[in-house]
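Asker: A predicted structure for the sequence below; I have some questions about it.
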Amino acid sequence: MKVLPFFPLCLRPVRHVRQLRISAALLRATALELAILAGHLLLYPTGLITERPAPAPGPSASEDPHPADTATLPTGGGPDHPPAVLLHGFVDNRSVFVLLRRSLARHGWRHLECLNYSPLTCDIRTAAELLGRHIEEICARTGRSEVDIVGHSLGGLIARYYVQRLGGDRRVRTLVTLGTPHSGTAVAPLASAHPIVRQMRPGSALIAELRRPAPGCRTHFISFWSDLDQIMVPVETACIDHPDLIAQNVRVSGVGHLALPVHPAVAAGIRQALESSESTAGASGAVSVA
């Protein structure tokens, strides 16, 4: 008598329930993405103008002549964090970091800067060189030898190229990336007409450069990747996998690509990542917002 495979049949209802849960989570994440996109379109014009630099430290530094251009900074004896530089993604601007910047300021970050790179930028290497000049100016103005960087999507790739290929590890203590295509993304093939998009493709010359050896790189990399990120194809491409880099990948559950720089749970994870670099403890390996 032939015995039927009973165990796989028992698993079918379980698999069905899992599929329903994944579908429901994807619907929630998509709805959140659309809501964030609508809000961001309203804020987008406010980020078109390049931010004016924060005042240099000194007796009158607390008297900010441009309060609308800088985050509300706390006073008192909190931790002395390095300057944090926020770098936006493709066809975006600094307005995407309004909520994250406010969160960092409330928790003790005194020096926060959002950098805009030109929407006409056609080469990640050129953008990385410009980032390096900005970092040197920030260090000279603040009297600090190091900064932290948080880069969303393409912004994280620009910052990684600066750190790994242009010697930026001497200036960047910690690089946090949010939904960055470290191994290239295969989404939207028709968009490859843009040179920047071609550089973000798997197998591009730039992605190959980032796979080259990077012995002695001092920067600590922390990559946040989302299991529902529909811009990263596959989603694991937002993880860093390089034998020479000090890197940690943090999985985010329940949100999509646009939510990464604005969701409060992710902001808490970013704060923990930056603080853990100061205490040498590791950041949490997962963030759930489901």
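Answerer: Happy to help now that I have it. Numbers count the residues shown, from 1 in each chain.
Asker: could you find the closest non-adjacent residue to Pro215?
Answerer: Computed as CB to CB, 6 or more residues apart in numbering, the closest residue to Pro215 that is not its neighbour in sequence is Asp244, at 5.6 Å. From N, CA and C alone the C-beta is placed, and that goes for glycine too.
Asker: if I pick the one you found, what's in contact with it?
Answerer: By CB atoms under 8 Å, 6 or more residues apart in numbering, the residues touching Asp244 are Pro213, Ala214, Pro215, Gly216, Cys217.
Asker: quick one: which of the residues you listed has the most company?
Answerer: Per-residue neighbour counts (other CB atoms under 10 Å) across the contacts of Asp244 peak at Cys217, which has 21 neighbours.
Asker: residues contacting it?
Answerer: With contacts defined as CB under 8 Å, 6+ apart, the neighbours of Cys217 are Val163, Gln164, Asp169, Asp244, Leu245, Ile246.
Asker: quick one, phi psi at the residue nearest to it when sequence neighbours are not counted?
Answerer: Nearest non-adjacent residue to Cys217, counting by CB to CB, 6+ apart: Asp169, 4.9 Å away. Note on Asp169: backbone dihedrals following degrees, to the nearest 10 are phi -70, psi -20.
Asker: let me have the contacts of Asp244 in a markdown table, extended by distance to Gly155, secondary structure and pLDDT.
Answerer: Below are the contacts of Asp244 laid out as a markdown table (distance: CB to CB, whole Å; DSSP: H, G, I helix; E, B strand; the rest coil; pLDDT from 0 to 100):
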| residue | distance to Gly155 | secondary structure | pLDDT |
| --- | --- | --- | --- |
| Pro213 | 24 | coil | 97 |
| Ala214 | 20 | coil | 97 |
| Pro215 | 26 | coil | 96 |
| Gly216 | 25 | coil | 96 |
| Cys217 | 19 | coil | 97 |
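Asker: ok, so of those, who is nearest Ala273?
Answerer: The nearest member of those to Ala273, counting by CB to CB, is Cys217 at 17.5 Å.
Asker: give me the neighbour count for Arg125.
Answerer: By the measure other CB under 10 Å, the count of residues near Arg125 is 15.
Asker: which strand or helix spans it?
Answerer: Per DSSP states H and E: Arg125 is located in helix 124-142.
Asker: got the contact list for the next helix or strand after that helix?
Answerer: Next along the chain after helix 124-142, taking DSSP H and E as the criterion, comes strand 147-152. Strand 147-152 has contacts (CB under 8 Å, 6+ apart) with 81-89, 92, 96-97, 100, 135, 138-139, 157-160, 163, 171-180, 260-261, 270, 274, 277.
Asker: rerun at 6 Å
Answerer: By CB atoms under 6 Å, 6 or more residues apart in numbering, the residues outside strand 147-152 that reach it are 82-89, 135, 159, 172-178, 261, 274.
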